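Enquirer: 3D, please:
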Amino acid sequence: MNDFNDQRSPALERLFAAANRELADEAFVADVMARTAKLNARNLVIALAACLAAAPIAWLLAEPLNEALSWCMQLLSQPIAGTGDGIASVLPMNTVGGALALLGVRAIARRLFSEGT
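Expert: Below is the predicted model:
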């Protein structure tokens, strides 16, 4: 069941012959490396400037964003049935987040396993 053999394919030989060319000389390589070094230094300066500009914005947005995420977590952990005490508190789908996760998994499963696509 082995399809490999030692014979060379003439089509492959032609492709390799067509692609065979002289590689760049030392001056070309040095020029490319010099340009790359300039681009790397410029990209580093741009990235540093972007970080310095973004730091105060992130500092100003940190507390409101933390509050919003905290509110979302509290909303998602609210029990659907009951007060969250007793046996209903350990059910995985007794929270808003669990129900949303179940709906998401159901939508993905329908999309993956629906017939006709």
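Enquirer: Tell me the residue in the protein that is farthest from the middle.
Expert: residue 7 (43.8 Å; CA atoms, centre = their mean).
Enquirer: Return the residues in contact with that residue.
Expert: The contact partners of residue 7, taken as CB atoms under 8 Å, 6 or more residues apart in numbering, number zero. C-beta coordinates here come from the backbone N, C-alpha and C atoms, glycine included.
Enquirer: so what's it scoring on pLDDT?
Expert: Note for residue 7: predicted pLDDT of 81.
Enquirer: Same check on residue 91?
Expert: pLDDT, residue 91: 66.
Enquirer: rewinding a little: so how far is residue 42 from the residue farthest from the centre of the chain?
Expert: Distance of residue 7 to residue 42, computed by CB to CB, to the nearest Å: 52 Å.
Enquirer: Residue 25 now?
Expert: For residue 25 relative to residue 42 (CB to CB), the value is 26 Å.
Enquirer: Could you list the domains of the chain?
Expert: 9-76, 80-117 (automatic domain parsing).
Enquirer: so where is the chain shaky, pLDDT-wise?
Expert: Applying pLDDT under 70 to the chain flags the ranges 1-4, 82-92, 116-117.
Enquirer: show me where the chain has strands.
Expert: For the chain, no strands are identified by DSSP state E.
Enquirer: in it, which helix has the most residues?
Expert: helix 26-76 (DSSP state H).
Enquirer: Which strands or helices does that one pack on?
Expert: For helix 26-76, the packing partners by 3 or more CB pairs under 8 Å, 6 or more residues apart in numbering; DSSP states H and E come out as helix 96-113.
Enquirer: so the helix it packs on versus helix 26-76, what angle?
Expert: 130 degrees (axes from the mean of the first three to the mean of the last three CA atoms, to 10 degrees).
Enquirer: In helix 96-113, which residues are buried?
Expert: For helix 96-113, a neighbour-count test (16 or more other CB atoms under 10 Å) marks residue 98 as buried.
Enquirer: where does that helix sit relative to the chain's centre, distance-wise?
Expert: 21 Å (CA atoms, centre = their mean, to the nearest Å).
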